[in-house]
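Colleague: model the structure of this input:
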Amino acid sequence: MDDPPTSVLQLPDDCLHIIFQRLDSSLDRDSFGLACHRWLRIQNSSRRSLQLLVGPSMNIDSCHLHRLLDRFSQLQSLSLAGCTELLDSDLSALLDNGSKLQILHLDCCYGITDHGLSFVASGCPNLAIISLHRCNITDVGLETLSKSCLVLKDVNLSYCSLISDHGVGAISKNCRQLRAVDISHCRSVNGVGFKGCSQTLTYLEAASCDFEPEGMMAIFSGGGLEYLNISSINWWINGHGLSLISARFISKLRALNFRLYRTIGDDAILTISKGCPLLQEWSLALCHGIGIAGWESIGSNCFNLERLNVNGCRYLCDEGLRALRDGCKRLRYLYLGRCRRISSTAIEMFKCLRSDVEIGDEEAMCIAPDWAFRL
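Modeller: Next up, the predicted model:
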């Protein structure tokens, strides 16, 4: 007796989920749900990431957000970046549907304050990555977040002008799995909030911050920093605080961005070049306080340095360039624009003796690790 005819429509949901996950083409995945309502439900429940592309004529409110989260019930990553009209009350949708979220982007959501962040804290206990770039939050919101989202790993607070070291300290104290923090352009943060931070903190963006010497020492207190950006730092103490930091706290550094750190001097450069044997990338662009002793210490001690940016360094001369040429054996990229004291002869000699090094004029350096702000 012949078997009755079968159809793919008779397959159980588990099999359809597996088929959907095996589809390589985005076109195939997007058209999967067009077969029938059941297949659309399979497609919706299989979605793990959602990024809203908001235009001038589109406004997201709590009703829209509730519908989206109900439809895509298994979301792990949600980006509402650019939803400038989003209000605190709209985030109440996360209370019922945010428990699986691990990544949340609220960049440039200007209407989000501490109240909205309280909905995030209550509804998203498994959050690992959050970006609050330019949100109007304060220390109160950060403290609430830190008490509920204990597994936070990456936190972007750049341009959050209302926060201070108190809020940063709450995140640092309560979230002991922190690995990356961005506090760039947070003028009220001077760094002391990082005192006693977890050793897991390996990446810190702190461009244009008003750091104090105590703050500089606090950010290294965990001993795990590998990537540090303190470009355009507003600090008046000539970099002496750096020279006082114990070598054991900076020994893991791999990439440093000191661009526009005009007051840093030879003592600090000597401390770093001797105490950071793993250093691979270093931007010293527009650092006008470095003299011959500083350049010689880099050449003598930075054995693993691969990228060096010295654009616009006022006191880098032929002698300093020779120290870099004869040392830094692993150097592969040197950014050397607008160095007025270096002669064309010295540059040609460098090219002749170090043909393995690519010399460029444009500043091109990214110190962010590949894993930052992603799972």
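Colleague: quick one: low-confidence residue ranges for this protein.
Modeller: Counting by pLDDT under 70, the chain contains low-confidence residues at 1-10, 13, 16-18, 20, 28-29, 32-35, 37-46, 55-59, 234-247, 364-367.
Colleague: would you map the strands across it?
Modeller: 49-51, 77-79, 103-105, 129-131, 154-156, 180-182, 203-205, 227-229, 255-257, 281-283, 307-309, 333-335, 358-360 (DSSP state E).
Colleague: now those in JSON lines, with distance to R322 and mean neighbour count?
Modeller: No exception for glycine: its C-beta is placed from N, CA and C like everyone else's. Compiled in JSON lines, the strands of the chain are given as follows (distance: least, C-beta to C-beta, whole Å; neighbours: other C-beta atoms under 10 Å):
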{"stretch": "strand 49-51", "distance to R322": "50", "mean neighbour count": "13"}
{"stretch": "strand 77-79", "distance to R322": "50", "mean neighbour count": "21"}
{"stretch": "strand 103-105", "distance to R322": "47", "mean neighbour count": "23"}
{"stretch": "strand 129-131", "distance to R322": "44", "mean neighbour count": "23"}
{"stretch": "strand 154-156", "distance to R322": "42", "mean neighbour count": "24"}
{"stretch": "strand 180-182", "distance to R322": "38", "mean neighbour count": "24"}
{"stretch": "strand 203-205", "distance to R322": "33", "mean neighbour count": "24"}
{"stretch": "strand 227-229", "distance to R322": "28", "mean neighbour count": "22"}
{"stretch": "strand 255-257", "distance to R322": "23", "mean neighbour count": "25"}
{"stretch": "strand 281-283", "distance to R322": "18", "mean neighbour count": "23"}
{"stretch": "strand 307-309", "distance to R322": "14", "mean neighbour count": "23"}
{"stretch": "strand 333-335", "distance to R322": "13", "mean neighbour count": "20"}
{"stretch": "strand 358-360", "distance to R322": "14", "mean neighbour count": "13"}
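Colleague: now tabulate the ones you listed in CSV and tack on distance to M216.
Modeller: What follows is the strands of the chain, written out as CSV (distance: least, C-beta to C-beta, whole Å):
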stretch, distance to M216
strand 49-51, 37
strand 77-79, 33
strand 103-105, 30
strand 129-131, 25
strand 154-156, 20
strand 180-182, 15
strand 203-205, 11
strand 227-229, 10
strand 255-257, 13
strand 281-283, 17
strand 307-309, 21
strand 333-335, 25
strand 358-360, 30
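Colleague: quick check, central residue of this protein?
Modeller: A centroid search over the chain (C-alpha atoms, centre = their mean) returns A372, at 5.1 Å, as the residue closest to the centre.
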